[in-house]
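Visitor: Need coordinates for the following:
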Amino acid sequence: MEEYTDPEIIHDKFGKLVDIVVDGGPGGVLMSTVIDCTGPEPIVTREGAGDWEAVS
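Guide: Residues are numbered from 1 along each chain as shown. Coordinates of the predicted model:
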């Protein structure tokens, strides 16, 4: 489970597949939010534990 909750391990494992890994510290078992920033407007592709509306 650590490979999906530790930002350093995530970067080491998936760094070539994604442009950014935001290091908010080790996570828990709740899914994170995934945001597609490739277009003119960010699109939430998976809503996780965070509140996207509060920061957008």
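
Visitor: Show the subsequent helix or strand relative to whichever strand or helix holds Ile9.
Guide: Element membership of Ile9, judged by DSSP states H and E, is helix 7-14. Once the chain leaves helix 7-14, the next helix or strand it forms, by DSSP H and E, is strand 34-36.

Visitor: How far off centre is the helix or strand following that following strand?
Guide: Taking DSSP H and E as the definition, the helix or strand that follows strand 34-36 towards the C-terminus is strand 43-46. The chain centroid and the centroid of strand 43-46 are separated by 10 Å under CA atoms, centre = their mean, to the nearest Å.

Visitor: In the sheet, which strands lie alongside strand 43-46, parallel or antiparallel?
Guide: strand 34-36 (antiparallel) (DSSP bridges).

Visitor: List the buried residues of the partner strand.
Guide: Applying a neighbour-count criterion of 16 or more other CB atoms under 10 Å, one finds Ile35 buried in strand 34-36. Where C-beta positions appear, they are placed from N, C-alpha and C, glycine not excepted.
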